[in-house]
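Asks: Return a 3D structure for these sequence lines:
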Amino acid sequence: MSEEECSINEETPILEILKEIREGTRDPKKLPADIRQDCVEHLWHVEGQPTAMIAQILAVSDKTIRRDKEVIRERNAQKLTTNDRLKILGELLAKANTTHENLMRLARSKDGSLQEKGLVGSYASKAIEELIELYQSLGYFPSKPMQIEADIHYSQEEESTPSKLKEELFRLEGIVNSKGIVDPKIAELIETVKGQIALAEAKTGIKELKTRIDDIEKGQGTV
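Replies: This is a model prediction of the structure:
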(Lines give C-alpha, C1' and ligand atoms only; values in the text may rest on other atoms or scores of the structure.)
Protein backbone atom coordinates (compact mmCIF):
# COMPACT_ATOMS: atom_id res chain seq x y z
CA MET A 1 0.00 0.00 0.00
CA SER A 2 1.41 3.39 -0.99
CA GLU A 3 1.91 6.34 1.38
CA GLU A 4 -0.97 8.14 -0.32
CA GLU A 5 -3.32 5.20 0.28
CA CYS A 6 -2.25 5.05 3.94
CA SER A 7 -3.13 8.72 4.36
CA ILE A 8 -6.78 7.89 3.67
CA ASN A 9 -8.97 6.35 6.34
CA GLU A 10 -12.62 6.25 7.29
CA GLU A 11 -12.23 9.60 9.08
CA THR A 12 -11.03 11.44 5.98
CA PRO A 13 -13.96 13.54 4.64
CA ILE A 14 -15.02 12.59 1.14
CA LEU A 15 -15.32 16.27 0.24
CA GLU A 16 -11.68 16.76 1.19
CA ILE A 17 -10.62 13.81 -0.97
CA LEU A 18 -12.63 15.10 -3.95
CA LYS A 19 -11.23 18.61 -3.43
CA GLU A 20 -7.67 17.26 -3.56
CA ILE A 21 -8.49 15.21 -6.67
CA ARG A 22 -9.89 18.25 -8.44
CA GLU A 23 -6.93 20.36 -7.42
CA GLY A 24 -4.55 17.70 -8.72
CA THR A 25 -2.88 17.03 -5.36
CA ARG A 26 -4.24 13.48 -5.05
CA ASP A 27 -4.11 10.74 -7.66
CA PRO A 28 -7.62 9.20 -7.93
CA LYS A 29 -6.14 6.03 -9.45
CA LYS A 30 -4.58 5.21 -6.06
CA LEU A 31 -7.85 5.36 -4.12
CA PRO A 32 -8.87 2.12 -2.36
CA ALA A 33 -12.04 0.62 -3.86
CA ASP A 34 -14.24 1.42 -0.85
CA ILE A 35 -13.09 5.05 -0.74
CA ARG A 36 -13.58 5.38 -4.49
CA GLN A 37 -17.11 4.05 -4.10
CA ASP A 38 -17.80 6.62 -1.38
CA CYS A 39 -16.63 9.29 -3.83
CA VAL A 40 -18.86 7.79 -6.53
CA GLU A 41 -21.85 7.87 -4.15
CA HIS A 42 -21.30 11.56 -3.38
CA LEU A 43 -20.78 12.55 -7.00
CA TRP A 44 -23.80 10.49 -8.04
CA HIS A 45 -26.36 11.19 -5.32
CA VAL A 46 -25.32 14.63 -4.05
CA GLU A 47 -23.85 16.35 -7.10
CA GLY A 48 -25.95 14.47 -9.66
CA GLN A 49 -22.96 13.82 -11.93
CA PRO A 50 -23.50 11.41 -14.86
CA THR A 51 -21.50 8.19 -15.13
CA ALA A 52 -19.10 9.53 -17.77
CA MET A 53 -18.24 12.62 -15.70
CA ILE A 54 -17.68 10.55 -12.53
CA ALA A 55 -15.38 8.27 -14.49
CA GLN A 56 -13.41 11.26 -15.76
CA ILE A 57 -13.06 12.78 -12.26
CA LEU A 58 -11.89 9.50 -10.70
CA ALA A 59 -9.75 8.50 -13.70
CA VAL A 60 -11.40 5.11 -14.23
CA SER A 61 -13.56 3.58 -16.94
CA ASP A 62 -17.32 4.01 -17.26
CA LYS A 63 -17.62 0.27 -16.70
CA THR A 64 -15.88 0.60 -13.31
CA ILE A 65 -18.29 3.34 -12.27
CA ARG A 66 -21.28 1.24 -13.30
CA ARG A 67 -19.94 -1.63 -11.19
CA ASP A 68 -19.39 0.75 -8.28
CA LYS A 69 -22.97 1.99 -8.57
CA GLU A 70 -24.26 -1.57 -8.35
CA VAL A 71 -22.15 -2.15 -5.22
CA ILE A 72 -23.53 1.08 -3.74
CA ARG A 73 -27.12 0.00 -4.44
CA GLU A 74 -26.58 -3.35 -2.76
CA ARG A 75 -24.71 -1.77 0.16
CA ASN A 76 -27.43 0.79 0.82
CA ALA A 77 -30.17 -1.83 0.54
CA GLN A 78 -28.46 -3.96 3.17
CA LYS A 79 -28.09 -0.99 5.52
CA LEU A 80 -31.82 -0.28 5.76
CA THR A 81 -33.07 -1.77 9.01
CA THR A 82 -36.55 -1.20 10.46
CA ASN A 83 -35.10 1.55 12.61
CA ASP A 84 -33.49 3.14 9.54
CA ARG A 85 -36.84 3.18 7.75
CA LEU A 86 -38.48 4.86 10.74
CA LYS A 87 -35.74 7.49 10.68
CA ILE A 88 -36.40 8.11 6.99
CA LEU A 89 -40.10 8.53 7.71
CA GLY A 90 -39.19 10.98 10.46
CA GLU A 91 -37.07 12.98 8.02
CA LEU A 92 -39.89 13.00 5.46
CA LEU A 93 -42.29 14.25 8.13
CA ALA A 94 -39.88 17.01 9.15
CA LYS A 95 -39.45 18.08 5.50
CA ALA A 96 -43.22 18.05 4.97
CA ASN A 97 -43.72 20.20 8.07
CA THR A 98 -41.08 22.65 6.86
CA THR A 99 -42.72 22.82 3.43
CA HIS A 100 -46.12 23.42 5.02
CA GLU A 101 -44.75 26.19 7.27
CA ASN A 102 -43.02 27.89 4.32
CA LEU A 103 -46.21 27.78 2.26
CA MET A 104 -48.28 29.20 5.11
CA ARG A 105 -45.72 31.98 5.57
CA LEU A 106 -46.10 32.82 1.88
CA ALA A 107 -49.89 32.76 2.25
CA ARG A 108 -49.63 35.33 5.07
CA SER A 109 -47.14 37.47 3.19
CA LYS A 110 -48.07 41.05 2.31
CA ASP A 111 -46.87 40.45 -1.24
CA GLY A 112 -49.07 38.90 -3.90
CA SER A 113 -52.77 39.08 -4.71
CA LEU A 114 -55.57 37.50 -2.69
CA GLN A 115 -55.95 34.82 -5.34
CA GLU A 116 -52.25 33.98 -5.19
CA LYS A 117 -52.35 33.77 -1.40
CA GLY A 118 -55.39 31.54 -1.57
CA LEU A 119 -53.65 29.29 -4.09
CA VAL A 120 -50.60 28.99 -1.83
CA GLY A 121 -52.93 28.10 1.04
CA SER A 122 -54.41 25.30 -1.04
CA TYR A 123 -50.89 24.05 -1.80
CA ALA A 124 -50.19 23.92 1.94
CA SER A 125 -53.26 21.75 2.44
CA LYS A 126 -52.23 19.57 -0.49
CA ALA A 127 -48.79 18.99 1.08
CA ILE A 128 -50.45 17.60 4.21
CA GLU A 129 -52.82 15.44 2.15
CA GLU A 130 -49.93 13.93 0.18
CA LEU A 131 -48.03 13.18 3.40
CA ILE A 132 -51.08 11.39 4.80
CA GLU A 133 -51.38 9.39 1.57
CA LEU A 134 -47.71 8.42 1.88
CA TYR A 135 -48.23 7.15 5.43
CA GLN A 136 -51.36 5.30 4.31
CA SER A 137 -49.47 3.61 1.49
CA LEU A 138 -46.87 2.43 4.01
CA GLY A 139 -49.55 1.09 6.35
CA TYR A 140 -49.05 3.60 9.16
CA PHE A 141 -52.49 5.20 8.75
CA PRO A 142 -55.75 3.41 7.86
CA SER A 143 -56.70 3.82 4.23
CA LYS A 144 -60.42 3.80 5.08
CA PRO A 145 -62.11 6.44 7.21
CA MET A 146 -62.04 5.58 10.89
CA GLN A 147 -65.40 4.99 12.53
CA ILE A 148 -65.52 7.30 15.53
CA GLU A 149 -68.52 7.22 17.79
CA ALA A 150 -69.20 10.61 19.29
CA ASP A 151 -72.17 12.66 20.36
CA ILE A 152 -71.91 15.08 17.44
CA HIS A 153 -74.94 16.52 15.69
CA TYR A 154 -74.06 17.36 12.12
CA SER A 155 -76.33 18.47 9.30
CA GLN A 156 -75.85 19.33 5.66
CA GLU A 157 -76.51 23.01 6.46
CA GLU A 158 -73.47 23.07 8.74
CA GLU A 159 -71.01 22.35 5.92
CA SER A 160 -68.34 25.01 5.39
CA THR A 161 -69.61 26.32 2.07
CA PRO A 162 -68.18 29.59 0.68
CA SER A 163 -71.42 31.30 1.74
CA LYS A 164 -71.14 30.02 5.32
CA LEU A 165 -67.48 30.97 5.43
CA LYS A 166 -68.30 34.48 4.26
CA GLU A 167 -70.89 34.83 7.00
CA GLU A 168 -68.45 33.62 9.66
CA LEU A 169 -65.71 35.94 8.38
CA PHE A 170 -68.16 38.86 8.40
CA ARG A 171 -69.06 38.03 12.00
CA LEU A 172 -65.44 37.85 13.08
CA GLU A 173 -64.57 41.09 11.26
CA GLY A 174 -67.48 42.70 13.09
CA ILE A 175 -66.02 41.64 16.44
CA VAL A 176 -62.60 43.01 15.50
CA ASN A 177 -64.06 46.34 14.36
CA SER A 178 -66.48 46.76 17.28
CA LYS A 179 -63.73 46.16 19.82
CA GLY A 180 -61.26 48.37 17.99
CA ILE A 181 -58.70 45.54 17.76
CA VAL A 182 -55.58 46.58 15.85
CA ASP A 183 -53.41 43.55 15.18
CA PRO A 184 -51.36 43.17 11.95
CA LYS A 185 -51.48 39.38 12.25
CA ILE A 186 -55.29 39.38 12.43
CA ALA A 187 -55.45 41.71 9.44
CA GLU A 188 -53.19 39.36 7.46
CA LEU A 189 -55.30 36.35 8.42
CA ILE A 190 -58.50 38.10 7.34
CA GLU A 191 -56.99 38.89 3.93
CA THR A 192 -55.72 35.32 3.59
CA VAL A 193 -59.15 33.88 4.41
CA LYS A 194 -60.76 36.20 1.87
CA GLY A 195 -58.41 34.85 -0.79
CA GLN A 196 -59.16 31.26 0.21
CA ILE A 197 -62.90 31.91 0.07
CA ALA A 198 -62.50 33.47 -3.38
CA LEU A 199 -60.65 30.36 -4.51
CA ALA A 200 -63.36 28.10 -3.06
CA GLU A 201 -66.03 30.13 -4.88
CA ALA A 202 -64.07 29.79 -8.12
CA LYS A 203 -63.90 26.01 -7.68
CA THR A 204 -67.65 25.88 -7.03
CA GLY A 205 -68.31 28.04 -10.08
CA ILE A 206 -66.13 25.86 -12.28
CA LYS A 207 -67.97 22.75 -11.07
CA GLU A 208 -71.37 24.32 -11.80
CA LEU A 209 -70.15 25.52 -15.20
CA LYS A 210 -68.93 22.05 -16.12
CA THR A 211 -72.22 20.50 -15.02
CA ARG A 212 -74.18 23.04 -17.05
CA ILE A 213 -72.11 22.41 -20.19
CA ASP A 214 -72.41 18.64 -19.76
CA ASP A 215 -76.20 18.91 -19.40
CA ILE A 216 -76.47 21.03 -22.53
CA GLU A 217 -74.26 18.63 -24.51
CA LYS A 218 -76.50 15.77 -23.42
CA GLY A 219 -79.61 17.69 -24.41
CA GLN A 220 -80.86 17.67 -20.82
CA GLY A 221 -80.61 21.37 -20.14
CA THR A 222 -81.67 24.62 -21.67
CA VAL A 223 -79.63 27.70 -22.46
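
Asks: mind listing what's buried in stretch 111-122?
Replies: 114, 117-122 (16 or more other C-beta atoms under 10 Å). In this view, the C-beta of every residue, glycine as well, is placed from N, C-alpha and C.

Asks: Please apply the same query to stretch 59-76.
Replies: Of the residues in stretch 59-76, 60, 64-65, 68-69, 72 count as buried by neighbour count, 16+ other C-beta under 10 Å.

Asks: Now do stretch 173-192: distance from first to last residue.
Replies: This stretch, stretch 173-192, spans 13 Å end to end (C-alpha to C-alpha, to the nearest Å).

Asks: Residues touching it, excluding its own?
Replies: With contacts defined as C-beta atoms under 8 Å, 6 or more residues apart in numbering, stretch 173-192 is touched by 107-108, 110, 114, 117-118, 121, 169, 172.

Asks: Averaged pLDDT, it. What do you get?
Replies: With pLDDT averaged residue by residue, stretch 173-192 scores 80.

Asks: Could you give me the buried positions within it?
Replies: Neighbour-count burial for stretch 173-192 [16+ other C-beta under 10 Å]: 191-192.

Asks: hmm, back to that, now intersect the buried residues of stretch 111-122 with the helices, please.
Replies: Using DSSP state H, the subset of the buried residues of stretch 111-122 located in helices is 114, 117-122.

Asks: Reformat the contacts of stretch 173-192 as TSV; add distance to residue 45.
Replies: Converted to TSV, the contacts of stretch 173-192 look like this (distance: C-beta to C-beta, whole Å):
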residue	distance to residue 45
107	33
108	35
110	39
114	41
117	36
118	37
121	34
169	48
172	49
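
Asks: Need the max-distance pair from these.
Replies: By the measure C-beta to C-beta, the contacts of stretch 173-192 have their two most distant members at 110 and 172, which lie 20.3 Å apart.

Asks: Thank you kindly, that will do.
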